[in-house]
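Q: Build me a model:
(4 chains)
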Number of protein chains: 2
Amino acid sequence: MGPRYRGTKTEVRALAAFVALQRAAESVMGATQEEIVRAGLTQSQFGVLEALLHLGPLCAKDLARKILRTKGNLTLVIENLEKGGLVERTARDEDRRFLTVALTKKGRRLVAGMFPRHAGTIVKAFRVLTADEQEELRRLCRKLGKAQG
Amino acid sequence: MGPRYRGTKTEVRALAAFVALQRAAESVMGATQEEIVRAGLTQSQFGVLEALLHLGPLCAKDLARKILRTKGNLTLVIENLEKGGLVERTARDEDRRFLTVALTKKGRRLVAGMFPRHAGTIVKAFRVLTADEQEELRRLCRKLGKAQG
DNA sequence: GGGTAATAGTTCAACATTAAACTATATGGG
DNA sequence: CCCATATAGTTTAATGTTGAACTATTACCC
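A: Next up, the predicted model:
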């Protein structure tokens, strides 16, 4: 009903890019969602397991940064993973403020088993882009992501 | 500690692009977060107001699609906006299953007042990219987003 | 027309998420 | 050593989010 907002070309360009960016990210995330739910995990839980698989044991703070959540949230996520016997945490001796979170055998088996299908889903989603386009997208996104914290 | 997962080139390329995509989206969202919180809104609430400002009155289902949330969630988001006197909903006469959600004067004033700064934040975040890069990013993201739902 | 399927929205319970206050540990300068 | 400061993690309250079951309305079709 009301008159639409009309921005400058610069604004329109950035806003359009931003909307597309959000939707693309949501779209690919949605594609991976089903497998994760089927395994009885949340996105955050899977994100933690995946990070531990690829990077080895990490402290909670690093995990929070990796999966883009708050510290407070990580406490719960790790707790729930621990209840499921998928990770274990131990205080670090050098600095007892830190916890080292590591995969258990069961956790490693689970996430390692899920990963090929997970990667396949993402590959499939990205197949609408050529290899060069994927690399260009990555380059542009990295520039954008690095610009802030 | 365990050996890192080593995927094929194709997998590595798609996964790297996906991670960068998520982080870029999070990064820009984070930049806009502060203004939204300061206005006493959530991301979802602001998303609804923004959609209504740009597109005019919409039904809850369309709003859900726009802001990438579930119907059930929209019930609450709209309810909270209504409590704040920012939107009003009226049953549509042609089809009484539909609600028409529209901005009130107060709601319009709020979101229209916020928008320039909001747009400015996004423009600023995207300034690390040239105009051409922004358009290329948009093109790639749209391809990716359209591929699924 | 009446029954069936489809669609819009609501409700509800379970859970996730955040921000802020808090505890515990470490660091560094006087 | 002691105090101030910083950092990692936890707790708590408020709120957001989802998915599934539910109601209400409409569309379709025999």
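Q: from here on, contacts and neighbour counts on C-alpha atoms
A: Will do.
Q: Does DNA strand C have contacts with the lengthiest helix in chain A?
A: Selection of the longest helix in chain A by residue count, based on DSSP state H, yields helix A:9-38. No. Between helix A:9-38 and DNA strand C, judged by CA under 7 Å from any atom of the strand, nothing touches; the nearest distance is 10.3 Å.
Q: pLDDT on that helix, on average?
A: The pLDDT scores in helix A:9-38 average 93.
Q: Checking residue A:89 next. Helix, strand or coil?
A: strand (DSSP: H, G, I helix; E, B strand; the rest coil).
Q: What is the neighbour count of it?
A: Neighbourhood size, residue A:89 [other CA atoms under 10 Å in any protein chain shown]: 19.
Q: just residue A:36 next, same as before
A: Neighbours of residue A:36 (other CA under 10 Å): 19.
Q: Also residue A:135?
A: Using other CA under 10 Å, residue A:135 has 16 other residues around it.
Q: residue contacts, it?
A: B:13, B:17 (CA atoms under 8 Å, 6 or more residues apart in numbering or on different chains).
Q: State the distance from it to residue A:126.
A: 11 Å (CA to CA, to the nearest Å).
Q: And residue A:83, by the same measure?
A: In terms of CA to CA, residue A:83 sits 35 Å off from residue A:126.
Q: Pick out whichever of those two has more residues nearby.
A: Comparing residue A:83 with residue A:126 by other CA under 10 Å, the one with more neighbours is residue A:126, at 25 against 11.
Q: which phi and psi does the more buried one have?
A: Main-chain torsions, residue A:126, degrees, to the nearest 10: phi -80, psi 0.
Q: Pull the number of nearby residues for the residue nearest to it when sequence neighbours are not counted.
A: Spatial nearest neighbour of residue A:126, chain neighbours left out: residue B:14 (6.1 Å); criterion: CA to CA, 6 or more residues apart in numbering or on different chains. As a burial measure, residue B:14 scores 25 neighbours (other CA under 10 Å).
Q: Fine, thanks again, bye for now.
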